[in-house]
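Colleague: predicted model and sequence follow; I will ask about them next.
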Amino acid sequence: MFSNWWKFGRDRSTDVDLFSDGSESPAETLSQAIRAAASQEPDADGSLLFGQLRGTVVGLRYYTGVVNRGEMVGLVREPHNPYDKNAVMVTNVLGRQVGHIRKELAAAMAHVMDNNLAKVEGVVYSGTNNSFSMPVTLSFLGSEENRDAVVKHMASRGFKLDADGGGAAGAKGRSFGSPGSSFSFKKGVTIPLTAEELKNAFDNLFEGLMQSKDGEKEAAESVVTPLLPHQKQALSWMCARENEDVLPPFWEKRGDLYYNSLTCFSATEIPERVRGGILADDMGLGKTLTTIALILTNFHQGKPLPVERCVSCHHLTLFCRTGKDGPFSPTKAKKKALEGFKLQGSSSAVISAGVSSHCSAIPKEDVIDAADVVQVEDEPQKSTSKEKHKPTKRKPSKEGPLLLEDLDFAAALSCATSATTPKKKTTEKSKLKQSVEMSVSESTDDLSAKATLIVCPLSVLSNWLDQFKQHLRFNVKVNIYLYYGSERNRSKTFLSSQDVVITTYNVLSTDFGSKSPLHGINWLRVVLDEGHIIRNPNAQMSKAVLELKAQRRWILSGTPIQNSVKDLWMLLAFLRLKPFDVREWWNRVIQRPVIQGDRAGLQNLQNLVKCITLRRTKNSEVNGRRLVSLPKKTVYVEQVELSPEERMEYNLARFEGRRTIGRYVAEGSVLRNYADVLAILMRLRQYCCHPDLIGEITADLATADTPAELRQRLVEKMRLVLASGSDEECSVCLDSIRMPVITHCAHVYCRPCIAQVISSEQKARCPLCRSEIKTSELVEFPPEEEMEDEKSVNSDRWRTSSKVQALMRNLLRQRAEDVNIKCLVVSQFTRFLTVLQTPLRDHGFSFVRLDGTVSQKKRTQIIQEFQSSAADSPKVMLLSLKAGGVGLNLTAASRVFLMDPAWNPATEEQCIDRCHRLGQKRNVVVTKFIVKDSVEENMVKIQKKKQDLVEKAFGSTNTDRKTSRVNDIKALLEM
DNA sequence: ACCGCCGGGTGCC
DNA sequence: ACCGCCGGGTGCC
């Protein structure tokens, strides 16, 4: 990385064609190079401060980067500096070079930095009284094992690392979160956040970010779908973010200067605006429509996108020319896109040939593409500094200080004006190029940019086309090009003349490796759909996305962060939110403080996010009204009577269970034998559904000889409980278990929950039974994919049950009433789903099945099949309660049968919400089957109690929970 | 004068 | 840099 940018900067003067060299990362500017370099560095989490020392930044007068009192500076190794391979460059927050670390110190630091023994951070606490050098306080941070080596090495070169923050007198009294934060690891400044608080804060980070509550904007006339109030608000907000001169977060105007309150950076020039942001509305609130409206409504300076109208054309015109074919219909385009790629290999030649001939006809230097223009803001500050510094005659006067802003630009200019350029170019051409660059650089609004690029996952590509078609007025002609498939038109001229270009993350990153036309275009706007996809900054996809050139950038995402601050960096980097697009500053100012539990850091993060994000959930309200109204939902509970035989069997099992559990209660060992208790309860619950659900869990614990054997059997029981699909609860988070693991003592928890328990204590104990637990002894579930399959239920000797009959009665009645109604049949027990297949087949129901064992690929296929409105599409879906995440969209169904109660009422709710959500056109009817006089009835009572508890905002302690658990169990068996 | 002293040029890495 | 260093100019006072 370092070598790349340096090489770029220096070699540009002799090699103009660098852009065409695919092997080089086309770093555009110095700040990009730094960003790239910084993002390669490992995360600085948990770094220890080894010590600090005072160094000197020299050579200030050669660079225009300014640093103010208290400001942080960047330190970048320059291994290819021709004067000193140990050179360490100093930059300011904006990535402008400030100077170098004095060579003696740089020599010592180089070893530490190159071997990654420590991260070195610099803060300039005091100003300087001259314009040649200034003091800098360097902090060395790293992991404990490197401390000694670093301290010794520095000492051997005569640099003593001062543990007390050598010379950082100016830092005293600084609040955490300001530049002093680097040194505030010393603790005691504030009470750090607990892990739980932190988690909550994250979960809520994106909540309630309703901005501009009053502003509403109507979409341009070409959008035919009327926007809902919240969509008009979003449009208003998005237009404002694109058009208005709002300072980025933490920047404020102080007199004539712009000041960043987090980094203490101030500048005379206005910081680059972030034109865009994150639209993080819940799924279904119409992010796509709002974005389409934005594209149509806000072209340049708030004017709508100029569109052609035709009297006759009756559908959206898509210029999806992929070689031989002319324009074709959206459906065809979609089909093509989706089949795409492999099939059409041969005809791609047509396109590429066309493009290359076009290119070869014109010498490269002559093609002045907007994309090749390097944007440089020209500001008065530079000219003043120029006068002050009295440029020496060594510098060609034409270049001026402007050059020094940006090595790349400098190189480009010096190349253009140099008489000794190896490449033969006439001065005319050079001047032309130069003048174009200059003229563009003067205006902030580049009018040459026209097209919006939408990058999305393949799965929603067709949705975009559909939505454009659906929401645009019929006679409006918008040029949309689907950049996908092997025949895609790679001509930059063609692409940049479109109104909209849609592509996928995959295509973008595939192209990125070689000459990518998408990266050579100056886009008006880039929209990342499902933007959370790019949260891993090391992924090729993410890199490809970061290098796109655009004036406005948007991220659409229903789930902007999954669970960590780290995920956010990528989003901010894409938005080019200065200075956090450089990983180093992000780490220093936000990530590290937040991870270490610093409240100010979290506050900063929250502010940051608030400024650039709009998020509403489907529960959000506008003027006291829901954003979108859903069809009605009615929940019925249908009591099921067991047949006399079933009742007999059930009572027998219940009697046995009560005896066993009664013994545990008497011994006070309920929690120690929890797995057995759960197994007993589960057996009863299974009886309520169907007798054949009961597996071979009869291993008698009483016959276990050794404690080890007992433990083994308990663990085994727990495995079976989980394998049956039962939705168990984690006693740490009190929620349904995610990523279950079984402890040595046969209790089950979410892996992250128990991991936290273990890491937070020296000698970790099981929250339920206080046995000692170790990470190494946790049993993963499922250890191997051995979920039940159809074989285990013998269909030859299939028998019915009261609950099966109850369901079938309902289904048949439903079919008689309206054949088109689709049903979800939900059970926790996958084996029950298998049992249900037989009567469904017998009665001629076409159905699909979705459970946890279905692969992701198959899953989409099944859902598509079910969601289809075709006459022969399946009418019933057998769904395991835990299958699929919250995102699952099953709006084709409007009838839900919950076959068995879950411990956690929220899980049931979630399941119902899969069809009772946006897009649901019918009223939703839910039926819960509950067996009368059974453990199920008692479960419902406990569910209610739990709901109350949640509503009262749980103030229960762990012991409360445990006793209530024992009480629950007693209540379940009416003991 | 193979020195000292003066003062201009110069100065990161 | 209101420094240090270099190297040319200069040379009693």
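Modeller: Yep, it's here. Residues are numbered from 1 along each chain as shown, chains lettered A, B, ... in the order given.

Colleague: OK, contacts around the residue nearest to A:S771 when sequence neighbours are not counted?
Modeller: Once its chain neighbours are removed from consideration, A:S771 has its nearest residue in A:C745; the separation is 4.0 Å (Cβ to Cβ, 6 or more residues apart in numbering). Quick note: C-beta positions are derived from backbone N, CA and C, even for glycine. With contact set as Cβ atoms under 8 Å, 6 or more residues apart in numbering, A:C745 has these partners: A:R672, A:R711, A:L714, A:C766, A:L768, A:C769, A:S771, A:I773.

Colleague: let's see that with 10 Å instead.
Modeller: Listed by Cβ atoms under 10 Å, 6 or more residues apart in numbering, the contact partners of A:C745 are A:671-675, A:711, A:714-715, A:718, A:765-766, A:768-773, A:777.

Colleague: can you classify it by secondary structure?
Modeller: Per DSSP: H, G, I helix; E, B strand; the rest coil, the local secondary structure of A:C745 is coil.

Colleague: for it, give its distance to A:V926.
Modeller: Using Cβ to Cβ, to the nearest Å, A:C745 is found at 38 Å from A:V926.

Colleague: any idea how far apart the tips of stretch A:59-71 sit?
Modeller: Using Cα to Cα, to the nearest Å, the span of stretch A:59-71 from its first residue to its last is 18 Å.

Colleague: and that stretch, how far from the chain's centre?
Modeller: When C-alpha coordinates are averaged (Cα atoms, centre = their mean, to the nearest Å), stretch A:59-71 and its chain have centres 36 Å apart.

Colleague: does that stretch come close to DNA strand B?
Modeller: Yes. Between stretch A:59-71 and DNA strand B, judged by Cβ under 7 Å from any atom of the strand, the touching residues are A:G59, A:Y62.

Colleague: for that stretch, buried residues please.
Modeller: A:G59, A:L60, A:R61, A:Y63, A:T64, A:G65, A:V66, A:V67, A:N68, A:G70, A:E71 (16 or more other Cβ atoms under 10 Å).

Colleague: how close does A:D581 get to A:G95?
Modeller: Between A:D581 and A:G95 the computed distance is 9 Å (Cβ to Cβ).

Colleague: repeat that for A:L890.
Modeller: When distances are taken as Cβ to Cβ, A:L890 and A:G95 turn out to be 48 Å apart.

Colleague: for ChimeraX, write the select line for the buried members of the contacts of A:C745.
Modeller: Buried members of these can be picked out in ChimeraX with the line below, counting by 16+ other Cβ under 10 Å:
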select /A:671,672,673,674,675,711,714,715,718,766,768,769,771,773
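
Colleague: among the contacts of A:C745, which ones are in strands?
Modeller: Among the contacts of A:C745, no member is found in strands (DSSP state E).

Colleague: now, which of the contacts of A:C745 lie within helices?
Modeller: A:Y674, A:A675, A:R711, A:L714, A:V715, A:M718 (DSSP state H).

Colleague: grab the nearest non-local neighbour of the last one.
Modeller: In this case it means A:M718. Excluding the flanking residues, the one nearest A:M718 by Cβ to Cβ, 6+ apart is A:A675, at 4.1 Å.

Colleague: end to end on stretch A:533-551, go ahead and measure it.
Modeller: 22 Å.

Colleague: does anything pack onto the lengthiest helix in chain A? Which helices or strands?
Modeller: In terms of residue count, the longest helix belonging to chain A (DSSP H) is helix A:644-667. Counting by 3 or more Cβ pairs under 10 Å, 6 or more residues apart in numbering; DSSP states H and E, the packing neighbours recorded for helix A:644-667 are helix A:674-689, helix A:802-817, strand A:924-931, helix A:935-951, helix A:958-972.

Colleague: gap between it and the chain center?
Modeller: What separates the centre of helix A:644-667 from the centre of its chain is 49 Å, taken as Cα atoms, centre = their mean.

Colleague: if we can go back for a sec, okay, the residue nearest to A:S771 and A:C769: tell me how far apart.
Modeller: In this view, A:C745 and A:C769 are 5 Å apart by Cβ to Cβ.

Colleague: shared neighbours of those two, anything?
Modeller: Residues touching both A:C745 and A:C769 comprise A:L671, A:R672, A:N673, A:Y674, with contact defined as Cβ under 10 Å, 6+ apart.

Colleague: could you report the neighbour count for the residue of the stretch 151-300 of chain A at minimum distance from DNA strand C?
Modeller: The nearest approach of the stretch 151-300 of chain A to DNA strand C comes at A:G158, 17.2 Å away (Cβ to the nearest atom of the strand). Here the number of neighbours of A:G158 (other Cβ atoms under 10 Å) works out to 9.

Colleague: let me know the pLDDT of it.
Modeller: Model confidence at A:G158, given as pLDDT, is 88.

Colleague: that one against A:L105, yeah?
Modeller: Yes. A contact is recorded between A:G158 and A:L105 when judged using Cβ atoms under 10 Å, the distance being 9.2 Å.

Colleague: what residues does the stretch 551-700 of chain A have near DNA strand C?
Modeller: Of all the residues in the stretch 551-700 of chain A, none lies near DNA strand C, going by Cβ under 7 Å from any atom of the strand.

Colleague: now A:E252, nearest residue through space, not along the chain?
Modeller: Nearest one to A:E252, counting by Cβ to Cβ, 6+ apart, is A:Y259 at 5.5 Å.

Colleague: contacts only, for the one you found.
Modeller: Counting by Cβ under 10 Å, 6+ apart, A:Y259 makes contact with A:N68, A:L247, A:F250, A:W251, A:E252, A:K253, A:F265, A:S266, A:A267, A:P271.

Colleague: out of those, which is most surrounded?
Modeller: A:F265 (27 neighbours).

Colleague: give the contact list for the nearest residue to that one once chain neighbours are set aside.
Modeller: Counting by Cβ to Cβ, 6+ apart, A:V93 is the residue found nearest to A:F265 once chain neighbours are left out, at 4.2 Å. By Cβ under 10 Å, 6+ apart, the contact set of A:V93 is A:31, A:65-68, A:71-74, A:179, A:260, A:262-267, A:271, A:578-580, A:582, A:584-585, A:589.

Colleague: host element of A:V93?
Modeller: Secondary structure here is read from DSSP states H and E; on that basis A:V93 sits in neither a helix nor a strand.

Colleague: coming back round to it: relative to A:F494, which of the shared contacts of A:C745 and A:C769 is nearest.
Modeller: Using Cβ to Cβ, A:Y674 is the member of the shared contacts of A:C745 and A:C769 that lies nearest A:F494, at 66.2 Å.

Colleague: I'm done for today, thanks for sticking with me.
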